[in-house]
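> please find the sequence and the predicted model below.
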Amino acid sequence: MTTADLSPEAASTRRTPDAQAFVEMQASPEFQDLRRRLRRFVFPMTAFFLTWYAVYVLLATYASDFMATKVFGNVNLGVILGLGQFVTTFVITALYVKFANRELDPRAAAIRDELEG
């Protein structure tokens, strides 16, 4: 997690970028690299999770005997896979936080510093 210097001295030395500065930054190689890195993580992870969720729903709808398979006691495969949805969500969130802290945040901070001078 990055922290900003919120002291009055730091606020007075920063400039407020205008609309043209934002447009120019969006076209810069640094910003394009940031977007590319974000998309390389987010799109495959989203596709993975949506596929995993669709498989779960399809199994629950069309393979009810399979989902009713007892694993232990009164716990069946459907319950295990349903709880797996929650586990997957937490794992993806943790992976994203780690990825953002390592790859995205330093680049975004550099872009912001360049914009605000």
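Great, that's in hand.
> so where's the protein uncertain?
Regions of the chain meeting the criterion pLDDT under 70 cover residues 1-12.
> ranges for the strands of it?
Listed in chain order, the strands of the chain (DSSP state E) span residues 70-72, 75-76.
> quick one: strands adjacent to the last one?
Right, the one you point to is strand 75-76. strand 70-72 (antiparallel) (DSSP bridges).
> OK, contacts around the most centrally placed residue in the chain?
Against the mean C-alpha coordinate of the chain, by Cα atoms, centre = their mean, the closest residue is residue 96 at 4.4 Å. Applying Cβ atoms under 8 Å, 6 or more residues apart in numbering, one finds that residue 96 lies in contact with 41-42, 45. For every residue, glycine as well, the C-beta is placed using N, CA and C.
> closest to residue 105 out of these?
Ranked by distance to residue 105 (Cβ to Cβ), those are led by residue 41 at 13.0 Å.
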